[in-house]
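Asks: the sequence and its predicted three-dimensional model are supplied below.
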Amino acid sequence: MKSTGIVRDVDNLGRIVLPIELRRTLGINVKDSVEIYTDNDTIILRKYQQSCIFCGANESLSEYRGKMICSRCAGEINIINK
């Protein structure tokens, strides 16, 4: 993990501000979603990207019953159901 040297305080509502330099570097724009992970005592933030619930692909996605599925997996499921 790489240290940025940036330190931010948590406000009374539990918020922190991500500096513009980090947001630009990571391609995070206003209204983008960010995923939050933990690893022991570490908090990890990652720009959220929807992905296929079966294979994890993030291209050619369609929504099916509230879940995202890629065209390849949808085709495989269609073959199985024939």
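Replies: Looks like it came in fine.

Asks: biggest helix in the protein, by residue count?
Replies: Taking DSSP state H as the assignment, the helix of the chain that covers the most residues is helix 71-80.

Asks: quick one: that helix to chain centroid distance?
Replies: 24 Å (Cα atoms, centre = their mean, to the nearest Å).

Asks: so for the spatially most central residue of the chain, what's the pLDDT?
Replies: Nearest residue to the geometric centre of the chain (Cα atoms, centre = their mean): residue 48, 1.8 Å. With respect to pLDDT, residue 48 has a value of 89.

Asks: so it sits against residue 32, correct?
Replies: Yes: if you go by Cβ atoms under 8 Å, residue 48 and residue 32 touch, sitting 7.3 Å apart. C-beta coordinates here come from the backbone N, C-alpha and C atoms, glycine included.

Asks: domains for this protein, by residue range?
Replies: Domain assignment for the chain by automatic domain parsing gives 1-48, 50-82.

Asks: quick check: which of these is buried the most?
Replies: Most buried of the domains of the chain, by mean neighbour count (mean count of other Cβ atoms under 10 Å): domain 50-82, with a mean of 12.

Asks: name the helices or strands packed onto the helix or strand of the chain with the lowest mean pLDDT?
Replies: Ranked by mean pLDDT, DSSP states H and E, the weakest helix or strand in the chain is helix 71-80, scoring a mean of 83. Applying 3 or more Cβ pairs under 8 Å, 6 or more residues apart in numbering; DSSP states H and E, one finds that helix 71-80 makes contact with strand 61-64.
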